[in-house]
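Colleague: 3D, please:
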Amino acid sequence: MEGIPIAPQSTPGPERDVEENRLVAALGWIWVFSVVILLIKKDSPFVQFHARQGFVLFLVHLVLWMALVVLLGQLFWPLRQILNLVYFVVIVVGFVQAVRGKWWQIPVIGSIAPKVKV
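Modeller: I've put the predicted structure just below:
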């Protein structure tokens, strides 16, 4: 079959991983999906990077929220709402960064997330 040009094979690498997995990585910021994605997409460093941060962020949010409820009770309802708002904003930023193909890391949580084994 001479004369038929063959498309060059794309090289496997970080750029290809990012391009192919941006949406899945973005979904990893939603806590319900993060664990499932961590288990299914073990072969993608980009997905693992974002899903681990989403999972750790959820755990930190849960612990802080429960601590506020137990320790401070209903008196500090506005503080819990601020915590929820910050949590939501960080999820949105992480989601957008993943869709854009960026390796965005949350301060503090981003350094803890790689140590979490799922």
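
Colleague: where in this structure is pLDDT low?
Modeller: For the chain, the stretches with pLDDT under 70 are 1-13.

Colleague: kindly recompute the last result at 50.
Modeller: Residue ranges of the chain with pLDDT under 50: 1, 5-11.

Colleague: just give the nearest non-adjacent residue to Ala113, would you?
Modeller: Arg52 (4.0 Å; C-beta to C-beta, 6 or more residues apart in numbering). For glycine as for every other residue, the C-beta is placed from the backbone atoms N, C-alpha and C.

Colleague: go ahead and confirm that neighbour touches Leu39.
Modeller: No. Arg52 lies out of contact with Leu39 (C-beta atoms under 8 Å); the separation is 11.8 Å.

Colleague: now for the two: what residues contact both?
Modeller: Val118 (C-beta atoms under 8 Å, 6 or more residues apart in numbering).

Colleague: okay, the two: which has more neighbours?
Modeller: Arg52 (23 against 10; other C-beta atoms under 10 Å).
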